[in-house]
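Colleague: sequence-free structure coming up:
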């Protein structure tokens, strides 16, 4: 009898740990474009990151319009974004770091266009900024470095922790039923 109680307690502990792991990876997965089921995180202006099946990250506004991401070209410098390297945000703006098709690093800063989106948030766009301005402003932003391997790792850990939660939950119920039958 004591052995079955210890076994049940161990299964409950594993279930709780897997729930905690899932909530943790769900929370940090938002910034990598993996969505967030149980958190209310938002970037400024209702912008959110989203990853496609090739692990390329894009920033969307609250009307589901793509603002910036791989393949975008900006008139200011004429370069095309080859690789989205990261972004930083604070309460009032977003900075994007990217690599162009010549493998040079560039930076974009958000600005308000003067219009409003359908949901009432300020409409924004991005403009080119120089490296010195980026280095001066970077410390005032929460920075997310985007690495495809890290995105894959966070996605896998989120899925595995969810599967573990489901598995240990059903195993705990099964153990509980067996304990009830023994008494």
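Modeller: Thanks, I have it. Every value quoted in this text rests on a predicted model; they were computed, and no experiment measured them. Numbering: from 1, shown residues only.

Colleague: So which residues of the chain form strands?
Modeller: For the chain, the strands defined by DSSP state E occupy 48-51, 57-60, 66-69, 81-89, 94-100, 105-116, 122-129, 142-145.

Colleague: From the contact counts, what lies against the helix of greatest length in the chain?
Modeller: Longest among the helix segments of the chain by residue count, using DSSP state H, is helix 148-182. Secondary-structure packing of helix 148-182 (3 or more CB pairs under 8 Å, 6 or more residues apart in numbering; DSSP states H and E): helix 2-29. Every residue, glycine included, has its C-beta placed from N, CA and C.

Colleague: follow-up on the earlier one: next, the angle strand 81-89 makes with the longest helix of the chain.
Modeller: In terms of direction (axes from the mean of the first three to the mean of the last three CA atoms, to 10 degrees), helix 148-182 departs from strand 81-89 by 60 degrees.

Colleague: re earlier: can the strands of the chain go into JSON lines with extra columns for mean pLDDT?
Modeller: Converted to JSON lines, the strands of the chain look like this (pLDDT from 0 to 100):
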{"stretch": "strand 48-51", "mean pLDDT": "82"}
{"stretch": "strand 57-60", "mean pLDDT": "82"}
{"stretch": "strand 66-69", "mean pLDDT": "80"}
{"stretch": "strand 81-89", "mean pLDDT": "85"}
{"stretch": "strand 94-100", "mean pLDDT": "88"}
{"stretch": "strand 105-116", "mean pLDDT": "82"}
{"stretch": "strand 122-129", "mean pLDDT": "80"}
{"stretch": "strand 142-145", "mean pLDDT": "86"}
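
Colleague: For residue 168, which of those strands is the nearest?
Modeller: strand 48-51 (27.7 Å; CB to CB).

Colleague: List the contacts of the closest one.
Modeller: The contact list for strand 48-51 (CB atoms under 8 Å, 6 or more residues apart in numbering) reads 30-35, 42-43, 57-60, 62, 87, 151, 155.

Colleague: can you check stretch 139-150 too?
Modeller: In contact with stretch 139-150 (CB under 8 Å, 6+ apart) are residues 31, 32, 55, 57, 84, 85, 86, 87, 88, 89, 90, 95.

Colleague: and the two most separated of these?
Modeller: Longest span within those, CB to CB: 55 and 90, 25.7 Å.

Colleague: If you count surrounding residues, which of those two has more?
Modeller: residue 55 (16 against 13; other CB atoms under 10 Å).

Colleague: okay, now the domains of this protein?
Modeller: The chain resolves into domains spanning 2-31+155-182, 41-150 when parsed by automatic domain parsing.

Colleague: Out of the contacts of strand 48-51, give me the one that has the most neighbours.
Modeller: residue 87 (26 neighbours).
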